[in-house]
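Q: Kindly return the folded structure for what I paste below:
(one chain, ligands or ions: 1)
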Amino acid sequence: MNHDAAMAVIDGSEILWAAHAERYSKIKNDHYLNQQIVNEAKSYGPFDKVVYYEKPILKKTRQLYAGQYGLAFSLSEMPSDHCRKFGIKIDQYVKHHESHAATGYYTAPFRDCVILTVDAIGEWDTISIWTASGGQMNLKETVKYPHSIGILYSAFTQRVGLKPAEEEYILMGMAAYGEPKYKDRIYREFIQRPMPFQLKHNLHIGLKDWMPEADPMDIAASIQAVTEELLANLWSKAASYLPPKGLMYPKHNLVFGGGVALNCAANSKLANLGLFDDIWIMPNPGDAGSSIGCVAAAEKKFLNWQHPFLGHNIEGEYPVDKIIKELKENKMCGVANGRAEFGPRALGNRSLLADPRGPEVKDLVNQIKRRQKFRPFAPAILEEDVNDYFDLPTHVKNTPYMQFTAACTAGKDFPAIIHHDGTSRVQTVRKTDNPGFYELLKEWKKQTGCPILLNTSLNIKGQPIVNDSADGKAFENKYGVKVF
Ligand SMILES: [Fe+2]
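A: Alright, predicted model coming up:
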């Protein structure tokens with residue numbers, strides 16, 4: 001339980017299932033578990049051991065320090081009490097940033113690396129750097145509350161009228177439309193020193209009406225630029241822990257985790273620094289993903305990572321032909337098929353798909369999504385085609401979980417998927433990730449000549465991404481858009 005409660009069931013090195021509580025309760029970013037998600041977890045058999053991703057008493061000491069007395073003294077905020085309601089006994093607690101680090105490391109495609117985690121706050125730590133080799137993670141340094149890059153970014157999220165700890169991705173999107181006019185001012189007023197990172201004030205309570213006359217787009221651009229610079233310092237620091245390359249150590253690898261690793265605009269700039277040969281950001285690097293990481297940290301075992309389709313299953317063949325027919329006739333349709341994505345992005349199994357060609361598509365999809373007009377949609381493309389249409393960042397060969405932005409080299413043909421700055425948050429699709437979605441893109445390209453599909457999450461406005469087939473039907477009934 002926390003701002004995005006989740007559960008995962010792991011058997012040895014296999015992740016059998018992992019899901020977000022919100023998809024079952026229909027409450028966005030639900031803090032709490034509910035009977036439906038617990039029942040689905042239990043359907044995989046009795047639990048031998050239950051691990052929780054945070055140390056609750058340590059967290060309470062920080063809440064006391066922060067003056068959050070209500071939270072600190074509330075027993076209902078104790079995870080053991082919350083889980084007991086569902087007949088679950090917690091056997092072990094792992095520290096918050098160790099869980100973040102382990103989520104990345106034990107799912108990574110390499111064994112030797114440096115790990116960087118950056119989020120708003122766990123117990124006390126807000127940033128951690130680890131070296132890792134042969135299944136062991138070694139903590140090298142941390143930054144502690146109230147000095148937090150995540151809290152700084154969330155304070156600005158609130159300043160522009162968005163919901164902190166939830167709508168940071170919108171602030172990131174706004175940044176492309178502004179000028180970083182206030183970058184120096186942010187450094188002057190809020191940042192004591194960039195390394196080791198230290199704030200001048202505790203920003204947990206927000207910024208109130210800082211710079212009331214400023215254009216929110218310029219504020220967004222300014223905090224995004226500051227964040228990218230602060231993260232660049234951290235990436236360089238992390239790289240400094242790696243031994244020189246040689247026969248024993250042929251590659252420099254990074255695992256990046258924590259909620260800040262969802263900032264795909266920053267990720268691209270950081271990749272372009274060229275500090276690492278390989279970067280692994282697991283598709284759910286925020287707190288929900290730690291349901292996997294805390295178990296991996298407790299067991300110190302590598303997991304057999306395959307793909308993020310780990311949630312609720314809607315049985316049936318992937319409906320390739322139906323989707324193509326509908327896209328040809330009506331430009332847009334939903335798909336709710338197979339196992340739900342574990343992570344914040346819809347990657348083809350709970351997606352609203354559209355033909356990305358033509359100037360009217362963005363407005364057409366936006367009519368359904370009813371979101372800010374400036375926000376473009378993401379493109380999905382076969383991995384083998386990506387270099388023909390997008391310039392991926394340095395050393396990034398694919399982006400199957402929409403974690404990097406890339407300059408689109410054919411932007412005028414697909415205006416709905418292009419950001420103001422000419423980039424897109426691209427999803428590359430491999431057969432091994434999702435054979436159904438791969439076949440769909442292949443067949444779509446064969447029949448229409450178009451290599452791209454617009455891919456956005458399938459959700460009713462204000463609700464989480466659809467989970468089961470009843471949710472899919474509810475979407476179809478509400479918006480009159482077919483869901484297969
Ligand atoms: Fe976190």
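Q: Hmm, residue 77 is touching residue 71, no?
A: Yes. If you go by Cβ atoms under 8 Å, residue 77 and residue 71 touch, sitting 5.6 Å apart. Every residue, glycine included, has its C-beta placed from N, CA and C.
Q: more crowded one of these two?
A: Using other Cβ atoms under 10 Å as the criterion, residue 77 and residue 71 rank with residue 77 on top: 19 against 14.
Q: who touches the more buried one in this structure?
A: residue 71 (Cβ atoms under 8 Å, 6 or more residues apart in numbering).
Q: roughly how far apart are it and residue 5?
A: The gap separating residue 77 from residue 5 is 13 Å, by Cβ to Cβ, to the nearest Å.
Q: Phi and psi next, for the nearest residue to residue 390 once chain neighbours are set aside.
A: Leaving aside its sequence neighbours, residue 390 sits nearest to residue 406 (Cβ to Cβ, 6 or more residues apart in numbering; 4.0 Å). The phi/psi pair for residue 406 (degrees, to the nearest 10) reads phi -140, psi 140.
Q: What's the local residue count around residue 406?
A: Residue neighbour count, defined by other Cβ under 10 Å, stands at 23 for residue 406.
Q: What parts of the protein come near the ion?
A: 119, 287 (Cβ under 5 Å from the ion).
Q: residue in the chain nearest to the ion?
A: residue 119 (3.5 Å; Cβ to the ion).
Q: contacting residues for the residue lying closest to that residue once chain neighbours are set aside?
A: Computed as Cβ to Cβ, 6+ apart, the closest residue to residue 119 that is not its neighbour in sequence is residue 258, at 3.6 Å. By Cβ under 8 Å, 6+ apart, residue 258 lies in contact with 97, 100, 117-119, 127, 150, 285-286.
Q: I figured the residue of the chain closest to the ion hits residue 99, correct?
A: No. Look at residue 119 against residue 99 with Cβ under 8 Å: they stay out of range, at 10.6 Å.
Q: what sits against residue 101?
A: Shown in contact with residue 101 (Cβ under 8 Å, 6+ apart): 115, 117, 128, 130, 132, 137, 255, 257, 293, 297.
Q: Could you say which helix or strand holds the last one?
A: To tie it back to what came earlier, the one meant is residue 297. helix 290-299 (DSSP states H and E).
Q: if we look at that helix, which residues are touching it?
A: Under Cβ under 8 Å, 6+ apart, the answer for helix 290-299 is 6-8, 10, 15, 18, 49, 51-53, 92, 94, 96, 98-107, 137, 257, 282, 284, 302-303.
Q: which helices and strands sit right next to the longest helix anywhere in the chain?
A: Assignment by DSSP state H gives helix 216-240 as the longest helix of the chain. Counting contacts by 3 or more Cβ pairs under 8 Å, 6 or more residues apart in numbering; DSSP states H and E, helix 216-240 packs against strand 113-118, strand 125-133, helix 149-159, helix 168-175, helix 183-190, strand 253-257, helix 264-271.
Q: could you give the angle of the fifth one to helix 149-159?
A: Helix 183-190 and helix 149-159 meet at an angle of 110 degrees, taking axes from the mean of the first three to the mean of the last three Cα atoms, to 10 degrees as the criterion.
Q: can you list contacts of the following helix or strand past helix 183-190?
A: Following helix 183-190 in sequence order, the next helix or strand is strand 191-193 (DSSP H and E). Applying Cβ under 8 Å, 6+ apart, the contact partners of strand 191-193 are 197-200, 226, 230.
Q: Stretch 473-481 now?
A: 330, 332-334, 336, 352, 368, 458-460, 466, 482-483.
Q: In CSV, list those along with secondary structure.
A: Formatted as CSV, the contacts of stretch 473-481 follow (DSSP: H, G, I helix; E, B strand; the rest coil):
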residue, secondary structure
330, helix
332, strand
333, strand
334, strand
336, strand
352, strand
368, helix
458, coil
459, coil
460, coil
466, coil
482, coil
483, strand
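Q: can you redo those as a markdown table with neighbour count and distance to residue 25?
A: Shown next, in a markdown table, are these (neighbours: other Cβ atoms under 10 Å; distance: Cβ to Cβ, whole Å):
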| residue | neighbour count | distance to residue 25 |
| --- | --- | --- |
| 330 | 14 | 32 |
| 332 | 21 | 28 |
| 333 | 24 | 27 |
| 334 | 24 | 21 |
| 336 | 27 | 18 |
| 352 | 25 | 22 |
| 368 | 20 | 23 |
| 458 | 23 | 18 |
| 459 | 21 | 14 |
| 460 | 18 | 14 |
| 466 | 30 | 13 |
| 482 | 18 | 26 |
| 483 | 23 | 21 |
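Q: Would you indicate which residues of the helix or strand encompassing residue 475 are buried?
A: Element membership of residue 475, judged by DSSP H and E, is helix 469-479. Under the neighbour-count criterion of 16 or more other Cβ atoms under 10 Å, helix 469-479 has 471-472, 474-476, 479 buried.
Q: try stretch 448-463
A: 451-460.
Q: Strands - which of those land there?
A: Mapping the buried residues of stretch 448-463 onto strands (DSSP state E) picks out 452-457.
Q: shaky segments in the chain?
A: Residues of the chain meeting the criterion pLDDT under 70: 1-2, 75-76, 411.
Q: State the pair within the contacts of residue 258 that is farthest apart.
A: 127 and 286 (14.8 Å; Cβ to Cβ).
Q: And the strands in the stretch 301-450 of the chain?
A: 309-314, 332-336, 338-341, 350-354, 378-382, 390-391, 405-408, 423-425, 427-429 (DSSP state E, counting those that start in this stretch).
Q: for the residue nearest in space to the middle of the chain, what are its contacts?
A: Nearest to the geometric centre of the chain sits residue 262, at 4.3 Å (Cα atoms, centre = their mean). Going by Cβ under 8 Å, 6+ apart, residue 262 touches 168-169, 285-286, 344, 403.
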